[in-house]
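K.L.:
predicted model and sequence below, questions to follow.
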Amino acid sequence: MTDHPLDAPSLALIDACSEASLALLESNLTPHGILAASRTAAAVARRYTRIFGRDAAICVMAMCGSGVPALEEGAVASLDALAAQQAPNGQIPKYVDPEGQDADFWYLGCIDATLWWLIAVDHVRRHGEVGGSHWSDSVERAIGWLLAQEHQHFRLLQQNEASDWADIMPRSGYVLYTNALWFEVKRRFALCHAEETHHHFNHLFNPFQRDLPHYHRARLLQHYARRGRRDPGLYLSFVNLAVVGDEGDVFGNLLAIQGGLADEAMAHSITNAIEATHAGGTHPVRVVLHPLSQQHSLWRAYMGRHRQNLMHQYHNGGIWPFVGGFWVMALAKLGLHSAGWTELEKLARANARDDWRFTEWFHGRTLAPMGMAGQSWNAATFLLARRALQGDCTAW
């Protein structure tokens, strides 16, 4: 390791977390693919013992290139299991059960499961033992399903609210996180209109630029988005007709850096904005910089169900270690390796809490551990983040 500020105990902790991460992925692996979490009574009751489209795809990227035969095979099995339950219209399910008996598509759809599945397919084709045409029929149908939801001028995907990973947040219309993934899919599969996607992404989600878009509907959306707001140094979390999200979606912004949508100036603006709010502190980064209160105009009644998504909790400002892995990857991409190693150590400490519990999320203020134990994507993104800092091409 080079260009890091860590002492020997910190490096030992990182090594221990790498070993624990590989062990957790192996223990959560079934013959049909990787489960979202370790099999506990609570996880079974909440259906975390399923192969989730987004969770499994992120895990697949870490398992592929691990050099562990069981994990390499499990990466392919996970993608196979999701493809086997692909809908006739091409959509990849939110999750399937390990026995292939159940496929779920969420209340208003789950648009990012298909996006992540495609990204993982490309990753395994490039770094795994499958050929370039593996899953070709499923890939064609998945891309077709996504194209049917693409606006024919903006070349951005449209979606319902609460229909991606942040499924208790009111983001809808054009969503930052989803369209960062869409551009990544376009780049990896050489799809048409990628430049238009790139252009409109930066004009709709960053409407504070001086230049005005040529398309009159884009100008109107930009006007609504700017009205009464200051430039936060971040992309907006979503843009809908006269409604936008300025709560500071960390994950979506990090993916914009990772996928090359943010130029160097914007990328550094994002990292500076995240650091200015002390979004990490002693723990990995929060997923929202300015959580929505119950008095906020965007608040929805479903956000208070089970008191789960209140301020500084869950998707509304909780600390998710797996997103902390993408924070490290963004820092590595920007050449901020010293900061990246420091954040990787924080990530290792979070995963190590309570005897390597790999806790799902932590309260954004109290740092209390919340959610399920044994989260597979915590382990996966830790491994990917370390690879990124080491310059390993299998990181992304």
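P.N.:
Structure received. Residues are numbered from 1 along each chain as shown.

K.L.:
can you give me the strands in the protein?
P.N.:
29-30, 33-34, 51-52, 95-96, 103-104, 174-175, 238-240, 243-245, 361-362, 369-370 (DSSP state E).

K.L.:
mean neighbour count and mean pLDDT added to these, as a markdown table?
P.N.:
Backbone N, C-alpha and C define where each C-beta goes, glycine included. Output for the strands of the chain, formatted as a markdown table (neighbours: other C-beta atoms under 10 Å; pLDDT from 0 to 100):
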| stretch | mean neighbour count | mean pLDDT |
| --- | --- | --- |
| strand 29-30 | 20 | 98 |
| strand 33-34 | 28 | 98 |
| strand 51-52 | 29 | 98 |
| strand 95-96 | 26 | 98 |
| strand 103-104 | 19 | 96 |
| strand 174-175 | 28 | 98 |
| strand 238-240 | 25 | 97 |
| strand 243-245 | 21 | 96 |
| strand 361-362 | 24 | 98 |
| strand 369-370 | 16 | 97 |
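
K.L.:
ok, which of those strands comes nearest residue 78?
P.N.:
strand 33-34 (3.3 Å; C-beta to C-beta).

K.L.:
list the neighbouring strands of that closest one plus their orientation.
P.N.:
strand 29-30 (antiparallel) (DSSP bridges).

K.L.:
so what touches the strand it pairs with?
P.N.:
For strand 29-30, the surrounding residues in contact (C-beta atoms under 8 Å, 6 or more residues apart in numbering) are 35, 51, 70-71, 74, 98.

K.L.:
what comes into contact with stretch 5-21?
P.N.:
Here stretch 5-21 has contacts from 1, 4, 62, 338, 341-342, 344-345, 347-349, 351-352, 356, 358, 378-380, 382-383, 386, using C-beta under 8 Å, 6+ apart.

K.L.:
among the contacts of strand 29-30, which are in helices?
P.N.:
In helices, judged by DSSP state H, the following of the contacts of strand 29-30 are found: 70-71, 74.

K.L.:
most neighbours among those, please name it.
P.N.:
residue 74 (26 neighbours; other C-beta atoms under 10 Å).

K.L.:
who does the closest residue to that residue other than its chain neighbours bridge with?
P.N.:
Spatially, and ignoring its direct neighbours in sequence, residue 74 is nearest to residue 29 (4.5 Å; C-beta to C-beta, 6 or more residues apart in numbering). Beta bridges link residue 29 to residue 34 when assigned by DSSP bridges.

K.L.:
begin at 737 from now on, thanks
P.N.:
Okay, using 737 as the starting number, the last item reads as residue 765.

K.L.:
leaving out chain neighbours, which residue sits closest to residue 1094?
P.N.:
In space, residue 1094 is closest to residue 1114, 4.5 Å off (C-beta to C-beta, 6+ apart).

K.L.:
also residue 847?
P.N.:
In space, residue 847 is closest to residue 895, 4.9 Å off (C-beta to C-beta, 6+ apart).

K.L.:
kindly report the same for residue 944.
P.N.:
residue 967 (3.8 Å).

K.L.:
and for residue 939?
P.N.:
Here the residue nearest residue 939, using C-beta to C-beta, 6+ apart, is residue 949, at 4.8 Å.

K.L.:
that concludes my questions; thank you for your assistance.
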